[in-house]
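[1] based on what follows, work out the 3D shape:
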Amino acid sequence: MIDIPKMAIELAKRFEGFERKVKRNAEITAIPYVCPAGFWTIGYGHLCDPKHSPITEAEAEVYLARDLQSAVAATLRYCPVLATEPEGRLAAIVDFTFNLGAGRLQTSTLRRRVNQRDWQQAGVELRRWIYGGGRVLPGLIARRTREAELLLSQP
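    Modelled structure (predicted):
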């Protein structure tokens, strides 16, 4: 099992949040909702069926850990150079993969720039991924900006 970079967990929680909370008895749970890109989601950005039952924050944390584990594995499969780079760089691309999926990373110019260790251009490429549901989303601008900052701030 590959370790999930702590910064990747922080990024995912910062930009996903534990959304659509409802109080049931004494328990706070999250219910499925449609994210700005049009996907059914629950907890911390976990893709789900619209009929998914409500989950607690603890259950959302389990989903997040699994989703990030998959994102780390895919990121290292497509960008093996990140295995020897500082945690911030890995976390930035893991967050991208978690948010958009391994397929988007696999076919992207971002992947090529990362594998070339062209961090400046990788930062430029990250900032292009700001569309959801066919429109620019302010949350994605903030997310990509933070990912690019992490990518570029490493020694």
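[2] list the beta-bridge partners for residue 55.
    Going by DSSP bridges, residue 55 is paired in beta bridges with residue 30.
[3] which helices and strands does the longest helix belonging to the chain pack with?
    If you go by DSSP state H, the chain has its longest helix at helix 57-78. On a contact count with 3 or more Cβ pairs under 8 Å, 6 or more residues apart in numbering; DSSP states H and E, helix 57-78 meets helix 6-16, strand 27-30, strand 46-47, helix 87-100, helix 102-106. To be clear about C-beta, it is placed using only N, CA and C from the backbone, and glycine gets the same treatment.
[4] same thing but at 6 Å, please
    With contacts defined as 3 or more Cβ pairs under 6 Å, 6 or more residues apart in numbering; DSSP states H and E, helix 57-78 has these neighbours: helix 87-100, helix 102-106.
[5] run through this structure and note the low-pLDDT ranges.
    1, 24-25, 155 (pLDDT under 70).
[6] at 80 instead, please
    Counting by pLDDT under 80, the ranges of the chain that qualify are 1-2, 19-27, 154-155.
[7] wait, what's in contact with residue 30?
    Listed by Cβ atoms under 6 Å, 6 or more residues apart in numbering, the contact set of residue 30 reads 18, 20, 21, 42, 43, 55.
[8] can you pick the most crowded of these?
    When neighbours are taken as other Cβ atoms under 10 Å, the top entry among the contacts of residue 30 is residue 43 (28 neighbours).
[9] okay, that residue and residue 154: tell me how far apart.
    Distance, residue 43 to residue 154, using Cβ to Cβ, to the nearest Å: 30 Å.
[10] ok, residue 134 next?
    33 Å.
[11] more neighbours, those two?
    residue 154 (14 against 7).
[12] the more buried one contacts residue 88, correct?
    Yes: contact status for residue 154 versus residue 88: in contact at 5.0 Å, counting by Cβ atoms under 6 Å.
[13] right, and the helices and strands packed on helix 57-78 - which one's nearest residue 139?
    If you check each of the helices and strands packed on helix 57-78 against residue 139 by Cβ to Cβ, helix 87-100 wins as the nearest, at 10.0 Å.
[14] which residues sit against that closest one?
    Contacts for helix 87-100 (Cβ under 6 Å, 6+ apart): 5, 7-8, 11-12, 68, 71-72, 74-75, 79, 82, 105, 147, 150-151, 154.
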